[in-house]
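Peer 1: pasting the structure only:
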């Protein structure tokens, strides 16, 4: 169990050290003016034609073979 844990830790360490990322330019949050009023927009109208599916049940008789089981007698 300890070997698996050690192998997992080593694999994770290798995976994390395999790449390097450098930030070339700092990002910034967008500035928002909450006092601005505007149109809320509108979702697109979509007409979807789906398949007609009919679900039902049907009674079926299945022939099952007879099986005779002979149990060994207890001694």
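Peer 2: That came through fine. In this text the structure is predicted, and so the values were computed from the model without any measurement.

Peer 1: Next, name the residue at the spatial heart of this protein.
Peer 2: By C-alpha atoms, centre = their mean, the mean C-alpha position of the chain lies nearest to residue 12, the distance being 23.8 Å.

Peer 1: what helix or strand does that one sit in?
Peer 2: In this assignment (DSSP states H and E), residue 12 forms part of helix 2-17.

Peer 1: How far off centre is that helix?
Peer 2: Its chain's average C-alpha position is 26 Å from that of helix 2-17, according to C-alpha atoms, centre = their mean, to the nearest Å.

Peer 1: can you pull the buried residues of that helix?
Peer 2: Buried residues in helix 2-17, counted by 16 or more other C-beta atoms under 10 Å: none are found. For the C-beta atoms, the positions are set from N, CA and C on the backbone; glycine is no exception.

Peer 1: where does the protein dip in pLDDT?
Peer 2: For the chain, the stretches with pLDDT under 70 are 14-23, 36, 75.

Peer 1: if we go to 80?
Peer 2: The chain contains residues with pLDDT under 80 at 1, 10-51, 74-75.

Peer 1: need the strands for it, in chain order.
Peer 2: Using DSSP state E, the chain contains no strands.

Peer 1: ok so, going back, wait, what's in contact with the residue nearest to the centre of the chain?
Peer 2: By C-beta atoms under 8 Å, 6 or more residues apart in numbering, no residues touch residue 12.

Peer 1: That one and residue 58: what is the separation?
Peer 2: The span separating residue 12 from residue 58 equals 56 Å under the rule C-beta to C-beta, to the nearest Å.

Peer 1: ok, now residue 28?
Peer 2: Distance of residue 28 to residue 58, given as C-beta to C-beta: 66 Å.

Peer 1: what does residue 32 give?
Peer 2: Using C-beta to C-beta, residue 32 is found at 62 Å from residue 58.
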